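> Structure here, sequence nowhere to be found:
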């Protein structure tokens, strides 16, 4: 089934079940008022939500309406926890090579991960407000999963059984701010903007054979200013599966229901299918020609992120955002 959240003026929106073709929806607040509430009580909520999904896809759901993606918030408008990994080591290696650094051998065995902002996600059609283009505004197209309660010390095999939903996202990064922050040795803060998620989150059965080995084996397609920028396959060259990332996050803590675990920027070793972030092509330009040539995003630039099944149907709907100048409140 596919689940989304309608904006309703509140912080957490209203839970909806969305049709497989993403055209129709029905409110599910009689089952759970929000997606977080559904995840908190998944054992009780799953069956009635699936029933609503079956009725909707059969054209029999009472109260069904046409879905406007612009009316959607992120499926989880805010989350108790969002941890983001960097499981495509090709991306890590390229970025480090461009600044003359090698990749430490431990990176091959121990996933990179940071604690990301999660108190206010952007909706799939929300603008990206930024105070300055000098921040080095970049998109990062990724996949993510949402887990149920996961105990501390869970193995990857146990973690796989706690995955409830899959999503795609644009993890906004500010490349002009990140180096100085990392130099402090204490991780990201200002270098990461708010994240946007596509209109719906889906249960793993919606992914069919594309979900195997804890990876989503489909291209993730990114357009920048209307031109295709990349479609690397999210299941290729992924050094750490999503269950492995979940286990890493749960090594010394339990993960609460609704925790989001991100994959990091999707990146393939073979560059023929392009890229999921600007930093990667700039890294290649630096290595090959001594200096980057591709600029970062400017005010007015747009980005679109989407994933399609083998029949060409959009699975999660599209993230479509524009960078705008931030105007602080008076």
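Looks like it arrived, so ask away. In this text the structure is predicted, and so the values were computed from the model without any measurement.

> remind me, longest strand of this protein?
When the chain is scanned for its longest strand (criterion: DSSP state E), the result is strand 163-174.

> and it, what does it pack onto?
Here strand 163-174 touches strand 137-138, strand 141-147, strand 192-197, strand 201-202, helix 242-249, strand 260-262, strand 302-307, strand 319-325, going by 3 or more Cβ pairs under 8 Å, 6 or more residues apart in numbering; DSSP states H and E. Bear in mind the C-beta positions are built from the backbone N, C-alpha and C, glycine included.

> For my notes, please list these in CSV and give mean pLDDT and distance to residue 33 for each entry.
Listed next are the helices and strands packed on strand 163-174 as CSV, based on pLDDT from 0 to 100; distance: least, Cβ to Cβ, whole Å:
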stretch, mean pLDDT, distance to residue 33
strand 137-138, 98, 35
strand 141-147, 98, 17
strand 192-197, 95, 19
strand 201-202, 98, 16
helix 242-249, 98, 26
strand 260-262, 98, 20
strand 302-307, 98, 28
strand 319-325, 98, 25
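
> Among these, single out whichever gets nearest to residue 18.
Checking the helices and strands packed on strand 163-174 against residue 18 by Cβ to Cβ gives strand 201-202 as the closest, at 9.0 Å.

> Please work out the average pLDDT along the next helix or strand after the closest one.
Next helix or strand after strand 201-202 toward the C-terminus (DSSP states H and E): strand 211-212. Strand 211-212 shows a mean pLDDT of 98.

> gap between strand 211-212 and the chain center?
Distance, stretch centre to chain centre, for strand 211-212: 17 Å (Cα atoms, centre = their mean, to the nearest Å).

> try stretch 214-226
Using Cα atoms, centre = their mean, the offset of stretch 214-226 from its chain centre is 11 Å.

> Next, the buried residues of that stretch.
The neighbour-count criterion (16 or more other Cβ atoms under 10 Å) identifies 214, 215, 216, 218, 219, 220, 221, 222, 223, 224 as the buried residues of stretch 214-226.

> which one of the residues you listed is nearest residue 53?
Sorting the buried residues of stretch 214-226 by how near they are to residue 53, with Cβ to Cβ, puts residue 216 at the top with 20.2 Å.

> what about the closest residue to that closest one other than its chain neighbours, how many residues close to it?
Residue nearest to residue 216 in three dimensions, not counting chain neighbours: residue 234, with 4.8 Å by Cβ to Cβ, 6 or more residues apart in numbering. Other residues lying near residue 234 total 27 when counted by other Cβ atoms under 10 Å.

> same for the lowest-mean-pLDDT helix or strand in the chain, what does it pack against?
When each helix and strand of the chain is scored by mean pLDDT, DSSP states H and E, helix 89-98 comes last, with a mean of 83. Using 3+ Cβ pairs under 8 Å, 6+ apart, the elements in contact with helix 89-98 are helix 278-289.

> what's across from the most centrally placed residue in the chain in the sheet?
Ranked by distance to the mean C-alpha position of the chain (Cα atoms, centre = their mean), the top residue is residue 169 at 2.6 Å. Each beta-bridge partner of residue 169 is listed here, defined by DSSP bridges: residue 142, residue 197.
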